[in-house]
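# need the 3D shape of this:
(2 chains)
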2 protein chains.
Amino acid sequence: MTESHAAIQGDDALTEADRLGLYRVLLSRRDVRGQFLPDPIADAVLARILVAAHHAPSVGFMQPWSFILVRSPEVRTRIKQAFTQANDEAAALFKGDSQATYRSLKLEGILESPVNICVTCDRDRAGPVVLGRTHIPTMDLYSTVCAVENLWLAARAEGLGLGWVSIISEPALKDILGLPDNVAWARSAISSPSRNWKPKAGANAWI
Amino acid sequence: MTESHAAIQGDDALTEADRLGLYRVLLSRRDVRGQFLPDPIADAVLARILVAAHHAPSVGFMQPWSFILVRSPEVRTRIKQAFTQANDEAAALFKGDSQATYRSLKLEGILESPVNICVTCDRDRAGPVVLGRTHIPTMDLYSTVCAVENLWLAARAEGLGLGWVSIISEPALKDILGLPDNVAWARSAISSPSRNWKPKAGANAWI
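Okay, the predicted model is just below:
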C-alpha cells in the first residue's frame, strides 16, 4: 500500500502486512472434507470465525443469517443419513466410470469433525420491503453466502478445515434441525471445521 | 496461531500477521457508494483483486464466474439509466417519510467510479450434472457470490471502495452488456472500485 493510499484511508488504513495476509489466506483456502481431528475447537476460536461471518455485507443491512452449532452426535447422525440418501441419488446421475469415481470420493466430514455449523437465512427478518432487495429477492441468500465465505476464510486463517456440504435435501435438513418453514430457510451449509489441514490431499467437490 | 497449528499446516502455515491481517480487512470492509475518485486504477491492482475473486470456492470446481470490466462511458450511462428506472420503482414501495429518506440515499457510483465490474455466472459451464450441485441447482450462483465477497475484501485491502448495486433489472443489464440468454446469467453486481475510502460517511444499502 502506498503512502497516499494510507493517507486517504485515514483511521481505517491497513498495513502492507494486512494486505498480504488477506491474499495469503484467500489463495490458500481450500475445501476440506476429510482428515478431521475429533478434538474440540476452543470457544474463543469458534467465536472469532463467527464474528468474521457476522461482518459480511448484507442487503439493506438485513443480516439475515444465523449460525447453528451442531455438536450432538444424534443430530449429526441424522444429518449424515440425509447426506447419504442425497449422495446415493447424486451418484446415480453419473454414468459409467465416472459413477465409480464419484462413489470413491469423500464428500463430507459430518461425523468426524468436532462440530457442524448450519448457516440459515431468515428471509423475513427485515419485513416485506428491504432496501436493495426490491428487484432481486434472492439478495438475502447472497448476503448469507458472503457470510459463509467470511467464515471459510477465517477458519483457514485459524488453521481449521471447512467444507460446504451441498449434497443434501434442504427440506430434510430443515426437518432435522426443527427450522420453521415460514421464517427461516435452511442454508445447506454444514461446515465442518477441523484442526487438520492438508489441502492437497483428498478429493474435493469445492476447491 | 499456536506452534502446533503451524506444524499441522506444514507448507501452508500462515503467520500470526496473516491471521490478524485477514480479520482487519474483514472487520473494516464496507459498502461504498459515493466519494469515488475518477482516477484510473492501475492494471496491477485490478489484476490482484480479480485473482482474489478467481480463488473463490466453487461447486464441483465449476468456476462459473466471469468478470466484465466496463469502462465505456456510453455503456455505463445505459447502466445508470437502468439503475434509475429500477430505483424509481423501488422508491414507490416505500411509504410516507421513508420514501423521502429512500430518495435521499446515494445508492450507486456507476458513473463516478473509474470502472464498473459486472460479475456473471455461466450456469452451463460444466455441463448438466455437476458434482455437489445435484440437489441445490443454485450452488453455482452461490459460488459466484463467494467470488464477489473475495473481490470485495481484496478491494478493501487495496484501499479501493466497492459497492454491490442490486437495484437493477437483470434482463436490462444482460441486454446492455450483450450477454447470451442461454449461456451466461448476469449477476447484478456492478462493482465500483474507488481510491476513496470513508466507510463512516454516507448511507449504504449494504454495510
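# taking chain A, what residue is nearest to chain B?
Residue of chain A nearest chain B, by CB to the nearest CB: A:Gly21 (2.2 Å). No exception for glycine: its C-beta is placed from N, CA and C like everyone else's.
# I'd guessed that residue sits against B:Gly21; true?
Yes. The pair A:Gly21 / B:Gly21 is scored as a contact, 2.2 Å apart, by CB atoms under 8 Å.
# what residue ranges in chain A score low on pLDDT?
Applying pLDDT under 70 to chain A picks out residues A:1-12, A:181-207.
# can you give me the helices in it?
Along chain A, the stretches classed as helices by DSSP state H are A:3-9, A:16-28, A:43-54, A:73-91, A:97-104, A:139-157, A:170-177.
# as TSV, these with mean neighbour count would be great.
Output for these, formatted as TSV (neighbours: other CB atoms under 10 Å in any protein chain shown):
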stretch	mean neighbour count
helix A:3-9	14
helix A:16-28	20
helix A:43-54	17
helix A:73-91	17
helix A:97-104	12
helix A:139-157	27
helix A:170-177	17
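# out of the ones you listed, nearest to B:Asp122?
helix A:139-157 (17.1 Å; CB to CB).
# helices or strands up against that closest one?
Packing contacts for helix A:139-157, counted by 3 or more CB pairs under 8 Å, 6 or more residues apart in numbering or on different chains; DSSP states H and E, involve helix A:16-28, helix A:43-54, strand A:65-70, strand A:116-122, strand A:184-191, helix B:16-28, helix B:139-157.
# got the angle between it and helix B:16-28?
160 degrees (axes from the mean of the first three to the mean of the last three CA atoms, to 10 degrees).
# got the angle between helix A:139-157 and strand A:65-70?
50 degrees.
# hang on, the earlier thing: quick one: the helices and strands packed on helix A:139-157 as TSV, columns for distance to A:Phe36 too.
Formatted as TSV, these follow (distance: least, CB to CB, whole Å):
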stretch	distance to A:Phe36
helix A:16-28	18
helix A:43-54	15
strand A:65-70	14
strand A:116-122	11
strand A:184-191	12
helix B:16-28	21
helix B:139-157	22
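# and the ones you listed: which comes nearest A:Arg156?
If you check each of the helices and strands packed on helix A:139-157 against A:Arg156 by CB to CB, helix A:16-28 wins as the nearest, at 5.6 Å.
# what's the closest one in contact with?
Under the contact criterion CB atoms under 8 Å, 6 or more residues apart in numbering or on different chains, helix A:16-28 has outside partners A:1, A:153, A:156-157, A:199, B:12, B:14-15, B:17-22, B:24-25, B:48, B:51-52, B:55, B:150, B:153-154, B:157-158.
# thanks again, I'm all set now.
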